[in-house]
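1. Sequence plus predicted model, see below.
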Amino acid sequence: MPEGHTIHKIAKDHSKLLVGRPIGVSSPQGRFAESAMRIDGAFLNRIEPRGKHLFYEWDSGEVGHVHLGLFGKFRVQVGPTLNDPIGEVRMRLTTETETAEIVTIDLSGPTICSLDAPDVRISILARLGPDPLRRNSKPDRMIDKIRASDRGIGDLIMDQSVVAGVGNVYRAEALFVLGIHPLKPGREFEVDELEALWETIRTMLRRGVSDGRIVTVSRDEVGIGRGRPIPREEATYAYKRDHCLKCGDEIRRIEIANRICYFCPTHQAR
Ligand SMILES: [Zn+2]
């Protein structure tokens, strides 16, 4: 599932292509057709990323909502012609640039693609924890929720109502970097440990936005010089590794919040 960095990058990239223009909206597959008709030709004022959610502020007053879930994908095309949709395209957004190029953004396989009254966005935001990628966001609500809970930290930080945007890879990597065992209960944390966790998550997510992918290690640590991309299987400390990058110990796998959590028993001892 895409983590928060992907959603923020999508919002940034798509905003450049779509915001401030009239947008053709359709649903080639049909499941979004009635909603698409209501905004077809409307101006898009803003695309707002929050955790793993995207909100589309249309000048008609309605708000689009997309959650990619496990299988959702966007396909962006910019070129001289409008191409036919490939596969089951739920929502198609099209516009024309100043240089008369056609922009087409096709969304397929999302968990959510809806068009709602603005209060729906407000109620979704009320249920979400703070998003470390938002400028000026504060960790206070995350810290309070964690410290009031008996649940393990590896479960808590995947909970979008605790902190928004963290998925399975950043969970494993942030806990590894700080040497935290994923089953350590929320109640056992001090405030400063959770502030450090927030900063670590924020730094990792920001790097993910600028790299366009998840890399948590440094080039030195994996011995890969500049000019060559770090391969996926080398890009993390613990996630999907057989052995810890730092101590060589065997990485443990346990299921937490329905996903496999990877950790080093030496670096993240209880
Ligand atoms: Zn280790």
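-> Looks like it arrived, so ask away. Just so it is clear, the model here is predicted, and its values are computed rather than measured. Residues are numbered from 1 along each chain as shown.
2. So for the closest residue to the ion within the stretch 1-150 of the chain, what's the pLDDT?
-> For the stretch 1-150 of the chain and the ion, the shortest gap (C-beta to the ion) falls at residue 3, measuring 22.9 Å. C-betas here are computed from N, CA, C, even on glycine. Taken from the predicted model, the pLDDT recorded for residue 3 is 92.
3. residues touching it, list them.
-> For residue 3, the residues meeting the contact criterion (C-beta atoms under 8 Å, 6 or more residues apart in numbering) are 52, 165-170, 205, 208, 214.
4. in stretch 229-237, what's buried?
-> By neighbour count with 16 or more other C-beta atoms under 10 Å, stretch 229-237 contains the buried residues 230, 234-237.
5. same thing with stretch 118-137?
-> By neighbour count, with 16+ other C-beta under 10 Å as the criterion, the buried positions of stretch 118-137 are 121, 124, 128-134, 137.
6. is the worst-scoring helix or strand of the chain on mean pLDDT up against the ion anywhere?
-> Taking mean pLDDT, DSSP states H and E as the measure, the chain has helix 219-222 as its least confident helix or strand, at a mean of 94. No. Counting by C-beta under 5 Å from the ion, no contacts exist between helix 219-222 and the ion, the nearest distance being 12.4 Å.
7. got the buried residues for that helix?
-> Of the residues in helix 219-222, those buried under the neighbour-count criterion (16+ other C-beta under 10 Å) are residue 222.
8. returning to that earlier point: which of the buried residues of stretch 229-237 fall within strands?
-> Secondary structure from DSSP state E places none of the buried residues of stretch 229-237 in strands.
9. Which one of these is nearest to the ion?
-> Nearest to the ion among the buried residues of stretch 229-237, counting by C-beta to the ion, is residue 237 at 8.1 Å.
10. shouldn't that closest one be in contact with residue 249?
-> No. Contact criterion C-beta atoms under 8 Å: residue 237 and residue 249 do not qualify, at 11.8 Å.
11. what do the two both touch?
-> residue 264.
12. still on that earlier bit, looking at the contacts of residue 3, which one is closest to residue 97?
-> residue 208 (27.6 Å; C-beta to C-beta).
13. Could you find the closest non-adjacent residue to that closest one?
-> If the residues on either side of it in the chain are set aside, residue 208 comes closest to residue 5, at 3.0 Å by C-beta to C-beta, 6 or more residues apart in numbering.
14. Where do the strands of the stretch 101-250 of the chain begin and end?
-> Applying DSSP state E, counting those that start in this stretch to the stretch 101-250 of the chain gives strands spanning 102-108, 112-116.
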